[in-house]
Every structure is written in structure tokens, then in C-alpha cells.
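Undergrad: Sequence first, predicted model second:
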Amino acid sequence: MSLAFDEYGRPFIIVREQERKTRVKGIEAVKASIMAGKTVGQTLRSSLGPKGMDKMLQSGDGDVTITNDGATILEMMEVENQIGKLMVELSRSQDHEIGDGTTGVVVLAGALLEKADSLLDMGMHPLRIAEGYEMACKVATENLDKIKTGFEFDKDNIEPLIKTCMTTLSSKVVGRLKRQMAEICVKAVLAVADLERRDVNLDLIKVEGKVGGKMEDTRLVEGIIIDKEFSHPQMPKELKNAKVAILTCPFEPPKPKTKHKIDIDSVEKFEALRESEQKYFTDMVQQCKDCGADLVICQWGFDDEANHLLLQHKLPAVRWVGGVEIELLAMATGARIIPRFAELSSDKLGTAGSVTEIGFGTTKDKMLVIEGCPNLKAVTIFVRGGNRMVLDEIKRSLHDAICVARNLVRDRAIVYGGGAAEISCSLAVEDAANKVIDVEHYAMRAFADALQAIPIALAENSGLPPIESLTAVKRRQLEEKNPYLGIDCNDVGTNDMREQSVFETVMGKKQQLFLATQVCKMILKIDDVIKPSDF
């Protein structure tokens, strides 16, 4: 596309290769974009809430994933449409920033686009709709600040955190064990959290899994689990109060950097070469022993001779440990990472209460559990599951719960779930719309209606009559001025979300509103789509 001017100086656009392009303009372009966004939103609608259904996704190479996590579903769906890709980005943004609410944000964006479609049919300009949505979003977020509940917790009182994480886990595959899993996640977050700065480094929480066993066997290890075993099968399987040396240099003789050739023409020369090599190994092992190390963890490998010497000198070792795990081990044990043998000294060693090699069932799989570390700055959640798909889904579920606990450490405020916050915001936006006398009044009313898509979807997925359930809760919220009433998805017998302990973070809910509104505004502003035609 290029800009040109006619003889009177008026600009016009030349679209090159016109016969190879397809072009959609004006209201058709907006409607086509809305249709694509709505379709993606409706795909995820059935996965919302504690009774939401799972999706099975098959990749091009035949791998199967079963999940109800919105971000994972959209990530693995092959979305060709560019507007569909915007919705995928929307879900990814929510996942990266908040970690939870990835399904809800796409459902909300889809509902907003659906309402915008009917406003366009009324002849309303797309930008006026977008402005009305912005005004409504502002009212809704201000209402969240009014209805939010602050709470305090410390390392002795973690019940509020556990209850909020249980809400997140109730819609996942681990729903029946949500109390146990929520406790594990909260303890993991508090172990690495800096409560004074209200900061949590999630890189320090490692989630390891092994197929086999029951979900109930999932546990929190106050230390590190590495998917390795001792380098020699005859080395001891358990060490107590071990002094740990972490090496990033190989257990091998130094190799010349240039091209070289050794001519050996006698037995004596071969023996001399073998002895000098063995001396290198012996010196390396002796240096480790002299500094007081009981366990050597090496980033690189070592050959059979070094392995044999380590066994002879009763020095257990682990080889081929990855860079990320090396760093976590150094943080947990308090060891310094040693780049060359000459720098080995006792003050650079770390300590571990116990190092144990564990095996699993009838397989030959083994792992090392390093516990009792002095600096509990790195922890591992060890997950068990019946098969690879269940294991991956448990990991995704725990990631969401860990993110929720992290958000609560950062911002100690909650709103109530089950659609209670959305219904309350919908009523607040309707009330504010009545005071607006401009065209944006219609867009604000549409925004209020779109917010009700979340409680309606929750009721639908729970097998309840959607319209009746929503109307009953909405009426009670208006009459009782109680913003804590939501949809009773679990059929407990009460609509009060305080009694059901269904909490969500204010941070996550605000982010959902902001992101969904921004994406809708972006889609509504597209009025010309030029793309290569299909051949």
C-alpha cells in the first residue's frame, strides 16, 4: 500500500497487487471481526466454573492434552483468524500477569463483542460503543473497590489464603483434593515469599512430577528434587548432614585447545600416560575430600575411571545436573558454585540435612530428594498422577493456585466469586448508565448485560436454569443490598458466597475487566481488513 497525490494535491492510496488481495471495509469488517471473537469466546464458555467441562486437544504430532485451563486450550488450538489470535493473546496476558481467570476473561470479551454486534445493528458508531465500554469499565472497577474485603494473614494464620486457593482449584481435575493441594501451594509460596516487600519469586518454587501413584501422594518437599541418581549403583542411597560441593567443571583431564597428536610407541609410554591421567583424577577427588565434601554435584559428566575412584574414596557424586537446578541447589544449601577445582575450599560448601535416592514402583526411575536445607529459599512440589495427561493438568492447576497465593501476598484484598462480583458490578453500571444522557448510555447498558454472561455460564454449566438463577440472585442483591450473593454452583443450599468460602482476588477481577474492554475497543476500531486472497 502506498500514498500518492493527484494533480490538485489531493492524497489517495494505491493498493498494489489488487487482484491478489481480498478486502473487507466498513461495518462488514467490524462485524467479521466480532464474529471471530465471539466464536472463540463461545468455545471456552462450557469450561467455566467448578462444573466446567474439559477439552481434549490433539497436536499435529499426535500428542493429546486434556484440560479446562483457558490459556492452555487457546494456546494449543490452531487459530488461523487474526482476531482469534488477539483472543489467544488476551488469555495469555491474563495468565502471565495474574495466573488465574484465563477462561473468564475470554468469555467476558466474547459477551462484550456479542452485545456490540446488536448495537451496530441499531446504527451506533463503533467508537461510541468503545467509549461507552470504557466508561462502564471505570464504574465496574470502582464498584470492585467498594465491595472488596481486606484480610490479614501471617505465617501462623494462613486459612484465608487456603480458602482462596481452594476456590481456584475447585474447577480443576484436583477438585476433590482441593484442601490438601491448596495447603501445599500456600506453604510453598510463604516459604519463598518476602512478606515485608510483598514479593514472591515463583522461580524458586519447582514443580516436579512422576507418573504413577495417586494424586493423594503429592507432597511439598522443603528442599529440592532432581531427576537424577547417584553416579554409581554401589554408592550409599542416603546421606545425613551432608556437606555439598557444587561444581561446574568436568571431572576430566584438561584437553589442549589446539589440534594435537600423541605418538605412543612403547608400553612404558602408555603406562606413563595412564598414570598421569589417573593422577589427575586422584588429585581432583582428593581436593574434594580435603575440603570436607561428603557429596559432589557436577554440572558435567565424568567417565568410568573417575566414577570408580569416587566410589573407592567413598565420595558419592551426581552428574549431569542442569543449570537451573544447580542454581536452586546453591540457594537452598547455601553452597557457592565452584567453576574450577583450584577454588575448592570448605567455606564454599553447602549443607543438607538429608540426601535420599528414591525409586518408584517396578520401574528403574530414580530421583534424589535433598531436604533439611538451612536456607529454605527454594522448595519443590512433587506431583504424582496416574498418567502423563493427568500429571500435566495437575501441574497447570497448581500453577494457577500458586499464582493466586502470590497475588494475595501482593494485594491483600478479595471479592466473592460465583458471579457475585459480576452481578454487583452489572447493577452498578446499570445505575450509572441511567445518569448518562448521551449515546454511550446504550453501550453502558450493553456492558452491564455482558457482565451477566459469567453468572449465566456458571449456572448453565452447573445444570441450573440460567435465567431463573440469575434473576433470583439479582433480585436478592437489589433488595438486600448484599454484594456477596452469587450462583450456588455446588448446590450447597445458600447463595451467600461468604458461607461457601468462594473468594477471588480483586487484582485478578480488575485485570479481567481491563483486558476484555481493551481488546473489544481494539476490535471495534478495525474498519478495513486487507489480506492475501486464497489461491
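TA: Received the coordinates, thanks.

Undergrad: helix or strand for Tyr133, which one?
TA: For Tyr133, the element it lies in under DSSP states H and E is helix 126-147.

Undergrad: got a list of contacts for that helix?
TA: 30, 112, 116, 119-120, 415-416, 421, 424-425, 428-429, 432-433, 436, 439-444, 446-448, 451, 483-484, 506, 509-510, 513-514, 517, 520-521, 524-525, 527 (Cβ atoms under 8 Å, 6 or more residues apart in numbering). C-beta here means a position set from N, CA and C on the backbone, and glycine is covered the same way.

Undergrad: mind exporting that helix as PDB, just the C-alpha atoms?
TA: Output in PDB follows, covering the C-alpha atoms of helix 126-147 (Å, rounded to 0.1, in the frame of the first residue of the first chain):
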ATOM      1  CA  PRO A 126     -18.200   1.600  16.800                       C
ATOM      2  CA  LEU A 127     -16.100   4.300  18.600                       C
ATOM      3  CA  ARG A 128     -19.100   5.500  20.600                       C
ATOM      4  CA  ILE A 129     -19.600   1.800  21.700                       C
ATOM      5  CA  ALA A 130     -15.900   1.600  22.700                       C
ATOM      6  CA  GLU A 131     -16.200   4.900  24.700                       C
ATOM      7  CA  GLY A 132     -19.300   3.600  26.400                       C
ATOM      8  CA  TYR A 133     -17.500   0.400  27.300                       C
ATOM      9  CA  GLU A 134     -14.500   2.400  28.800                       C
ATOM     10  CA  MET A 135     -16.900   4.400  30.900                       C
ATOM     11  CA  ALA A 136     -18.700   1.300  32.100                       C
ATOM     12  CA  CYS A 137     -15.300  -0.500  32.900                       C
ATOM     13  CA  LYS A 138     -14.300   2.500  35.100                       C
ATOM     14  CA  VAL A 139     -17.600   2.300  37.000                       C
ATOM     15  CA  ALA A 140     -17.200  -1.500  37.400                       C
ATOM     16  CA  THR A 141     -13.600  -1.300  38.800                       C
ATOM     17  CA  GLU A 142     -14.700   1.500  41.200                       C
ATOM     18  CA  ASN A 143     -17.500  -0.800  42.400                       C
ATOM     19  CA  LEU A 144     -15.000  -3.600  43.000                       C
ATOM     20  CA  ASP A 145     -13.000  -1.300  45.300                       C
ATOM     21  CA  LYS A 146     -16.200  -0.600  47.200                       C
ATOM     22  CA  ILE A 147     -17.200  -4.300  47.700                       C
END
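
Undergrad: a strand runs through Ala443, doesn't it?
TA: No - per DSSP: H, G, I helix; E, B strand; the rest coil, Ala443 lies outside any strand segment and is helix.

Undergrad: Who are the contact partners of it?
TA: 116, 119, 124, 128-133, 135-136.

Undergrad: try 6 Å
TA: By Cβ atoms under 6 Å, 6 or more residues apart in numbering, the contact set of Ala443 is 129, 132-133.

Undergrad: how near is Leu273 to Lys228?
TA: According to Cβ to Cβ, to the nearest Å, Leu273 and Lys228 sit 32 Å apart.

Undergrad: What is the neighbour count of Asn434?
TA: Neighbour count for Asn434, taken as other Cβ atoms under 10 Å: 10.

Undergrad: That one: what's its closest spatial neighbour, skipping adjacent residues?
TA: Closest residue to Asn434 apart from its sequence neighbours, by Cβ to Cβ, 6 or more residues apart in numbering: His441 at 7.8 Å.

Undergrad: Show the pLDDT at that neighbour.
TA: We have a pLDDT of 90 for His441.

Undergrad: how much space between it and Asp117?
TA: Separation of His441 from Asp117 (Cβ to Cβ): 18 Å.

Undergrad: again with Leu3
TA: Where Asp117 is concerned, Leu3 sits at a distance of 33 Å (Cβ to Cβ).

Undergrad: and Leu220, that one's in a strand?
TA: Yes - the assignment for Leu220 by three-state DSSP puts it in a strand.

Undergrad: Would you check that it makes contact with Glu183?
TA: No - the criterion here is Cβ atoms under 6 Å, and Leu220 misses it with Glu183 at 8.4 Å.

Undergrad: Could you list the low-confidence segments of the stretch 201-350 of the chain?
TA: 254-257 (pLDDT under 70).

Undergrad: Helices along that one, start to end?
TA: 267-290, 304-312, 323-333 (DSSP state H, counting those that start in this stretch).

Undergrad: Out of the ones you listed, which is closest to Ser171?
TA: helix 323-333 (30.2 Å; Cβ to Cβ).

Undergrad: could you dump the closest one to PDB, C-alpha only?
TA: Extracted in PDB, the C-alpha atoms of helix 323-333 (Å, rounded to 0.1, in the frame of the first residue of the first chain):
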ATOM      1  CA  GLY A 323      21.900 -25.200  35.200                       C
ATOM      2  CA  VAL A 324      18.600 -24.100  36.700                       C
ATOM      3  CA  GLU A 325      18.700 -27.000  39.300                       C
ATOM      4  CA  ILE A 326      22.300 -26.100  40.100                       C
ATOM      5  CA  GLU A 327      21.200 -22.500  41.000                       C
ATOM      6  CA  LEU A 328      18.300 -23.700  43.100                       C
ATOM      7  CA  LEU A 329      20.500 -26.200  44.900                       C
ATOM      8  CA  ALA A 330      23.100 -23.500  45.600                       C
ATOM      9  CA  MET A 331      20.300 -21.200  47.100                       C
ATOM     10  CA  ALA A 332      18.800 -24.000  49.200                       C
ATOM     11  CA  THR A 333      22.000 -25.500  50.600                       C
END
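
Undergrad: quick one: that helix to chain centroid distance?
TA: 21 Å (Cα atoms, centre = their mean, to the nearest Å).

Undergrad: which secondary structure elements does that helix contact?
TA: In terms of contacts (3 or more Cβ pairs under 6 Å, 6 or more residues apart in numbering; DSSP states H and E), helix 323-333 is packed against strand 223-226.

Undergrad: got the contact list for stretch 40-50?
TA: 53, 68, 70, 84, 87, 103, 106-107, 110, 170-171, 457-458, 461, 489.

Undergrad: Generate the PyMOL command that creates a selection of the buried members of these.
TA: With 16 or more other Cβ atoms under 10 Å as the burial test, the buried ones among these are selected in PyMOL as follows:
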select buried, resi 68+70+84+87+103+106+107+110+170+171+457+458+461+489
